[in-house]
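> okay, structure incoming, though there's no sequence with it:
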């Protein structure tokens, strides 16, 4: 069965600090997708990134970066120089090509001014 | 407006009543999904649909019914609402899923907050 664990329930940082959100997944499939979504206080879900299991390259997008390591089944998300607008709940998700889309419980990030 | 909409945005009902949550998308996406969001559980998939007249169960389908007579609509019905179904419900759509380069992420609606008294 698929499972996504986000061990950090809540994180608080001060603005401009770097912060890493952890995501560990379990799957027996060799092919799958991993995702990160952001849910700001307004409630909508915003897609951030998709990563194919065959592609272990790390990715950087502005202040965001993602570290995908199949050896440890982790797909961690780092925000550099955090800002107050980064305050949100962040969800990691796993999809084995549509058979079962599973979300983690989420990590609530609070960035304090 | 283009996108994915849900109605109503807020609903209060009583135990035992039937409730239907509506979802409409204007992109002609093939796939549509219903999730519920509860504290500590993230989002859990209730049902999904690959195309009109094709639906399948997700992780937590009990107590829910779906239909998809038209590509753009995917209503979710609680046939006899229970307090445990108090939750925020999200509808999502995706152009495609599966092992292809055209795999797209899911786009989510704004959510419906349902309270069952």
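Everything's here; your move. Source: prediction; values computed, not measured. Residues are numbered from 1 along each chain as shown, chains lettered A, B, ... in the order given.
> all helices for chain B, in order.
With DSSP state H, there are no helices along chain B.
> how about the strands in it?
Remark: strands assigned in chain B by DSSP state E are B:4-7, B:10-13, B:19-25, B:31-38, B:42-51, B:54-57, B:64-66, B:76-78, B:87-94, B:107-108, B:112-116.
> who touches the second one?
Strand B:10-13 is touched from outside by B:19, B:21, B:81, B:112-117, with contacts defined as Cβ atoms under 8 Å, 6 or more residues apart in numbering or on different chains. Any C-beta I mention is one placed from the backbone N, CA and C, and that applies to glycine too.
> between these, which sits nearest residue A:14?
residue B:113 (31.9 Å; Cβ to Cβ).
> beta partners for the closest one?
Beta-bridge pairing of residue B:113 under DSSP bridges involves residue B:10, residue B:88.
> PyMOL command for the buried members of the contacts of strand B:10-13?
Applying 16 or more other Cβ atoms under 10 Å in any protein chain shown to the contacts of strand B:10-13 leaves a buried subset, and the PyMOL line that selects it is:
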select buried, chain B and resi 19+21+81+112+114+116
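> need the contacts of strand B:10-13 in CSV (columns: pLDDT and distance to residue A:47).
As requested, these are exported to CSV (pLDDT from 0 to 100; distance: Cβ to Cβ, whole Å):
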residue, pLDDT, distance to residue A:47
B:19, 97, 28
B:21, 98, 22
B:81, 97, 31
B:112, 97, 20
B:113, 96, 22
B:114, 97, 24
B:115, 97, 28
B:116, 97, 30
B:117, 96, 34
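> and which of the contacts of strand B:10-13 is nearest to residue A:41?
residue B:113 (14.2 Å).
> what sits against that closest one?
Here residue B:113 is in contact with B:9-11, B:88 (Cβ under 8 Å, 6+ apart).
> mind checking how far it is from residue A:87?
21 Å (Cβ to Cβ, to the nearest Å).
> neighbouring strands of the helix or strand of chain A with the lowest mean pLDDT in the sheet, and parallel or not?
Here the helix or strand of chain A ranked lowest by mean pLDDT, DSSP states H and E is strand A:59-61, holding a mean of 82. Paired strands of strand A:59-61, with direction, are strand A:64-69 (antiparallel) (DSSP bridges).
> got the buried residues for the least confident helix or strand of chain A?
By neighbour count with 16+ other Cβ under 10 Å, strand A:59-61 contains no buried residues.
> run through who's touching that strand.
Under Cβ under 8 Å, 6+ apart, the answer for strand A:59-61 is A:49, A:51, A:65-66.
> one more pass at 6 Å, please.
Residues external to strand A:59-61 that are found in contact with it (Cβ atoms under 6 Å, 6 or more residues apart in numbering or on different chains): residue A:66.
> center of chain B, which residue is that?
For chain B, the residue nearest the mean C-alpha position is residue B:34 (2.4 Å; Cα atoms, centre = their mean).
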